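In: build me a model from this:
(chains A and B)
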Amino acid sequence: GAGLDGLSVAIVGDIAHSRVARSNLTLLKTLGAKVHLVAPATLLPKALTEKADSYSYSLDETIDEVKLDAIMMLRVQSERMNASFFPSEREYARIWGLNQDRLARLGKDTFIMHPGPMNRGLEIDARSADSDRSLILDQVANGVSVRMAIMYHLLAGGTE
Amino acid sequence: MTKFTLVGATLADGASANITVSGGTITAIGSQTEGDIIDVSGLVALPGFVDLHTHLREPGFEQSETVLTGSKAAALGGYTAVHAMANTHPVADTAGVVEQVKALGDEAGYVQVQPIGAVTVGLEGKQLAELGAMAQSKAKVSVFSDDGKCVSDPLLMRRALAYVKSFGGVIAQHAQEPRLTENSQMHEGKVSTELGLAGWPAVAEESIIARDVLLAEAVGSRIHICHLSTAGSVEIVRWAKARGIQVTAEVTPHHLLLTDENARGYDPVFKVNPPLRTANDVAALREALIDGTIDIVATDHAPHPAEAKDCEWSAAAFGMLGLETAASIAQEVLIDSGLSDWKRFTEVMSTNPAKISGIEGQGQALELGAPANIALIDPKASRTIVDGGASKSDNQPYRGLTLKGAVVHTIYRGEFTVRDSKLAK
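Out: Numbering: from 1, shown residues only, chains lettered A, B, ... in the order given. The predicted model follows:
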């Protein structure tokens, strides 16, 4: 694997309700990376923005101003729309979704990540999810291994 | 238009100066005389006025007003920018409608028309409108309001106050608890009791303002309160500002002058939302405008056709004209009263409204390089208000009154829209 020191990772989406955002914020920073949070103001709690290296309401500005090594899109639940965190799926996708225009403006070495499951067309479009820079399938595979390891250590009490 | 110089203008700070305008910009201030000479001795030259609360009625209610007729009325009032409220038909809750309103304003060419976007879809108070789409449209909406109606659902208001931060915008609340004002007709008090008209309690406004300033504090957002009308509302805003809450507030000219006593006689020209209140409220609002608790004068210009006003009080629509008379009323409250000055006048009529909205090129001090948006007032003129103004409607509450002060010239982006108190184009 590669070291994460000094790398920049953006986490984009429903930060407020995401376990992934919380654990990644802690782990990435522990491993030396810089974390940038992007979301509408309704989904960016102060307790988390205070821990991040930066936060923004604008995905376009973040892509244009920060040299990102990876961008992690979080799943957006449509229930959040019904609780008025944003007006519509269309507006969410337009402003905070990873689409071809934004994919083109990311560096050609920027990795695309997503913890899954994905709402293709909402927070991430299909072509971004399936692009050659996407690590999403690796994330799924690695997630299985990590869960196995955690369960083994907790249940079997082993240290190997 | 060719270069011209306004000679002998009095500026807001009392200094006398000649102002040269060329290519839409102020190119010199001093004792120069360049280009066509226009004598403005005796006139006060101020940044063109900015109205944060106007109803232009188009699309959908063109029988009352259109963007063109409303723009003309605004220019006659010394305005070079107006913010058009969203309660049109269709409601201005999408990028499409706000872009259309802006295009109509640009085509009319009398003032800068800046659309306001609705907070909720259809003003129904149930679902957030696409604030982002409107903010990022050609209309560049930054002020959002369901005015006409209150955003009464506290969760929706909380989300709106938070969501609008994503675009640097502000929610402007029409504070009216709907359950306390069902079928209300006029201010609830001694006069309403005597007249037998259903009352509109002050607490219906105050309770929403109290809730919303606390929500703004919790969310860490700005909030703007439309048409403050009661002494109690003033106290709440004063408290909130002292606490560091980012609240701004407006007052209409009619709430600075008229009271519920005007309802005696049942003339619906005096029916308005929020209603005309008591003399005590008027005094508190005037004091607040001077001491800074209230940030701006905003007309809430609300034209209605005869069918909606020439009827019994309870059937009549709410609202009165305001654009062509606002400056005179501001002059009475701030200047002729001896209680304030033209600097404060400029703040409440131009600088502060432009700051709240973020509109570019407006509300800027008259200085070298500034856009040439200028209003020239003759403070000593006296005019009796009659029908036949530029508005398509005639619901004029000051009919027959004599008001001091008159707008003589209005210059918008370097061109005269009003010359010698008449439309110039």
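In: how about the lowest-mean-pLDDT helix or strand in chain A: buried residues?
Out: Lowest mean confidence among the helices and strands of chain A (mean pLDDT, DSSP states H and E): helix A:79-82, at a mean of 77. Going by neighbour count (16 or more other Cβ atoms under 10 Å in any protein chain shown), the buried part of helix A:79-82 is A:80, A:81. No exception for glycine: its C-beta is placed from N, CA and C like everyone else's.
In: how many neighbours does residue B:61 have?
Out: Using other Cβ atoms under 10 Å in any protein chain shown, the number of residues around residue B:61 comes to 18.
In: list the residues that contact it.
Out: Residue B:61 makes contact with B:88, B:89, according to Cβ atoms under 8 Å, 6 or more residues apart in numbering or on different chains.
In: go through the chain and flag its longest helix.
Out: Assuming you mean chain A. helix A:136-151 (DSSP state H).
In: correction: the question concerned chain B.
Out: helix B:202-219.
In: helices or strands up against it?
Out: Using 3 or more Cβ pairs under 8 Å, 6 or more residues apart in numbering or on different chains; DSSP states H and E as the contact definition, the elements that helix B:202-219 packs against are helix B:154-163, strand B:170-173, strand B:223-225, helix B:231-242.
In: still on that earlier bit, can you list contacts of the longest helix of chain A?
Out: With Cβ under 8 Å, 6+ apart, helix A:136-151 has contacts from A:112, A:113, A:114, A:115, A:116, A:118, A:129.
In: what's the closest of the helices and strands packed on helix B:202-219 to chain A?
Out: helix B:154-163 (4.0 Å; Cβ to the nearest Cβ).
In: circling back to that earlier point, narrow the contacts of helix A:136-151 to those in strands?
Out: A:112, A:113 (DSSP state E).
In: which of the contacts of helix A:136-151 ranks first by neighbour count?
Out: residue A:114 (25 neighbours).
In: need the contact list for it.
Out: So residue A:114 contacts A:72, A:73, A:74, A:75, A:123, A:124, A:129, A:136, A:139 (Cβ under 8 Å, 6+ apart).
In: surely the fourth one touches residue A:120?
Out: Read that as residue A:75. No - applying Cβ atoms under 8 Å, one finds residue A:75 not in contact with residue A:120, separated by 10.7 Å.
In: around chain B, which positions in chain A sit nearby?
Out: Applying Cβ under 8 Å from any Cβ of the partner chain, one finds that chain A approaches chain B through A:40-42, A:46, A:57-58, A:83-88, A:90-91, A:94-95.
In: and those, which are buried?
Out: A:40, A:41, A:42, A:57, A:84, A:85, A:86, A:87, A:88, A:91, A:95.
In: same list (these) but as CSV, adding pLDDT and secondary structure.
Out: Supplementary listing: these in CSV, determined by pLDDT from 0 to 100; DSSP: H, G, I helix; E, B strand; the rest coil:
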residue, pLDDT, secondary structure
A:40, 97, coil
A:41, 97, helix
A:42, 97, helix
A:57, 98, coil
A:84, 89, coil
A:85, 95, coil
A:86, 95, coil
A:87, 95, coil
A:88, 94, coil
A:91, 96, helix
A:95, 98, helix
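In: now the helices: where do they sit in the chain?
Out: The chain I'm using is chain A. Under DSSP H, chain A gives helices at A:19-30, A:46-49, A:59-65, A:79-82, A:89-96, A:100-105, A:126-129, A:136-151.
In: oops, wrong one, chain B.
Out: B:67-76, B:95-108, B:131-135, B:154-163, B:190-195, B:202-219, B:231-242, B:279-291, B:306-309, B:326-331, B:342-346, B:352-357.
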